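Participant: All I have is the shape, not the residue letters:
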Ligand code: PMP
C-alpha cells in the first residue's frame, strides 16, 4: 500500500465526489479501497497490476467467475438487439420457465433489479395476500436495504435485549418508529423461543422471513425441525413462510430450499440468477403471486420497475443458470467440501481457535474454537473484528487472495484444486503469522 499507489490517488478523487469515497460500503477499506481494473475467470486484477484469486465473486453473485465466455457471447449478441425495451420480451418468459422447472415451490415469478427489491416485493406481496402488516425476521439477519428488512441488522450486546424477546433495533437514526413496531425478531433455529415470540402477535403477522443459510447469523443452515415448526405455525395462523434465497440459491440446483420437507410460499432471489448483471426476483405460489396480476379487478399490488426483466440481465442470467446444471452444482459443492476439509486441517496444524461453517459452495471462518449456532455466538466484538481485518489484509496483500469481509468464501465453477491449495496455504501462513 505504497503512498504513491494508483488506488490512493484515485481515492483522493473519489472522496470529493462519492459519499465516503465509495458507492458501496462493502468496498470500503482503511486507509483507502483498492480498485479493480479487470477480471477474468477466477482472477481479478487491480489498478496496480496485481492479480488475485477472487473468492468473493462480487459478494456471492458470480457463479461462473468473471466474463464467463457463454454469458459474454450471449450478452454481446443481445446488446446489438437492444438493452431495454418498453415492451416485454421473449427471453424473460424463457428464463422464468427455466427457473420454475428448477424449483418445486416456484409457480409464478416477477423479476426485479436487486435482491433488496425482491425482498421488498416479497414482503409487500405477503401483506397484500394476508391483509396483515407485521413481519418476522431472524435476529441480525441481512435482507437488503428496505426499512422493514433492515430492522435488527445492527443488533449488538448493547441493544439486542433478552433472547426471549430480541429487540427490534432500527438500522438508522430517522427510521420511523412504526417500522420497528411492525417487525418481530426471532432467534434463528430456536423453535421454542421463536414460536413463543410469534404467538404473542398471532393474527397480525403477514410473513416469517427465513434465510436458509443466513450469512450474518453465522452461515449456519436452518435445521429441518425449525423450518417445519415455523411452517406449521404459519399454516395455523394465516401467515406465509417466505425464504430469502438471494445468496443461498447457489447452494443446490433447486436452491437451499430443496433439502427441506416443507417448501416456502414465496422466495426472493438475486445475485447468481443475473449472470453478473443487477437482478432480483420473487417467485412462489400462483395464488399468492396473483397479487401482482393486472387481470385482477381489484389489483392488490401494482408493481413495476423501469429495468425489471431487461433483456441483458435476462440473457446473462438464463445462460449462467443453464450452465449451472446439476453436474456443475455437484462438482462445485465437492470443491467447497475439499476446501473446508483442507482449512480444518490447516486450523489443526496451526493450532488456532478457528471454526468453519457453511453450505454448498460457500463457507465462513469464525475466530472461535467451535462453530457458532446463533447470531449472538457469531457476533464479532470489536477485538475479534480487528483480528479478522488483519487476517483479511494478510490474505489480500500478502497472499493475493480476495475474500468477503466476513472472512467468507463463495466459490465459482471455474475454480480448480489449484486455487483451493493457494487459499489454504495462504490461510496457514496467515494463522501462523498472526497467532497471538
Ligand atoms: N438478501 C440477502 C440474504 C443478501 O445477502 C442480500 C445482499 N447481500 C440481499 C438480500 C440484498 O441484495 P442486493 O444487494 O442485490 O440488493
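Facilitator: Right, received. Where do you want to start? This one's a predicted model, so the numbers in the text were calculated from it and none came from an experiment.
Participant: In contact with the closest residue to residue 257 other than its chain neighbours, which residues are there?
Facilitator: If you skip the residues right next to it in sequence, residue 257 has residue 243 as its closest partner in space, 5.6 Å away by C-beta to C-beta, 6 or more residues apart in numbering. C-beta: built from backbone N, CA, C; applies to glycine. For residue 243, the contact set (C-beta atoms under 8 Å, 6 or more residues apart in numbering) comprises 209, 210, 211, 212, 255, 256, 257, 264, 266, 267, 268.
Participant: number of nearby residues for the third one?
Facilitator: Taking other C-beta atoms under 10 Å as the neighbour definition, residue 211 ends up with a count of 25.
Participant: my guess is it contacts residue 139, does it?
Facilitator: No - applying C-beta atoms under 8 Å as the test, residue 211 and residue 139 come out as separate, 11.8 Å apart.
Participant: list residues touching both of those two?
Facilitator: The overlap between the contact sets of residue 211 and residue 139 (C-beta under 8 Å, 6+ apart) consists of residue 217.
Participant: which of the contacts of residue 243 come close to the ligand?
Facilitator: Residues of these in contact with the ligand (C-beta under 6 Å from any ligand atom): residue 211.
Participant: hang on, the earlier thing: and the residue nearest to residue 257, which of the three is it?
Facilitator: Assigned state for residue 243: strand (three-state reduction, DSSP: H, G, I helix; E, B strand; the rest coil).
Participant: Quick check: it vs the ligand, distance?
Facilitator: 10 Å (C-beta to the nearest ligand atom, to the nearest Å).
Participant: Buried residues, stretch 203-219. List them.
Facilitator: Residues of stretch 203-219 classed as buried under the neighbour-count rule (16 or more other C-beta atoms under 10 Å) are 204-219.
Participant: contacting residues for residue 236?
Facilitator: Going by C-beta under 8 Å, 6+ apart, residue 236 touches no other residue.
Participant: That one and the ligand, how far apart?
Facilitator: From residue 236 across to the ligand, the span is 27 Å (C-beta to the nearest ligand atom).
Participant: Excluding sequence neighbours, find me the nearest residue to the residue of the stretch 301-436 of the chain found nearest the ligand.
Facilitator: As assessed by C-beta to the nearest ligand atom, the ligand sits closest to residue 404 within the stretch 301-436 of the chain, at 9.6 Å. For residue 404, ignoring the flanking residues on the chain, the nearest one in space by C-beta to C-beta, 6+ apart is residue 56 at 4.8 Å.
Participant: That neighbour reaches residue 402, doesn't it?
Facilitator: Yes - contact criterion C-beta under 8 Å: residue 56 and residue 402 qualify, at 5.0 Å.
Participant: Those residues of the stretch 51-200 of the chain touching the ligand, which are they?
Facilitator: 59, 114, 115, 116, 119, 142, 143, 144.
Participant: And the closest residue to the second one other than its chain neighbours, its phi and psi?
Facilitator: Nearest residue to residue 114 in three dimensions, chain neighbours excluded: residue 280, at 4.8 Å (C-beta to C-beta, 6+ apart). In terms of degrees, to the nearest 10, the main-chain angles of residue 280 are phi -160, psi 170.
Participant: next one: the one 4 residues further on
Facilitator: The phi and psi torsions at residue 284 (degrees, to the nearest 10) take the values phi 160, psi -150.
Participant: What separation do you get for the closest residue in space to it that isn't next to it in sequence and residue 335?
Facilitator: Counting by C-beta to C-beta, 6+ apart, residue 266 is the residue found nearest to residue 284 once chain neighbours are left out, at 3.6 Å. Noted for residue 266: a distance of 31 Å to residue 335, by C-beta to C-beta, to the nearest Å.
Participant: One more: residue 79?
Facilitator: Here the criterion is C-beta to C-beta. By it, residue 79 lies 32 Å from residue 335.
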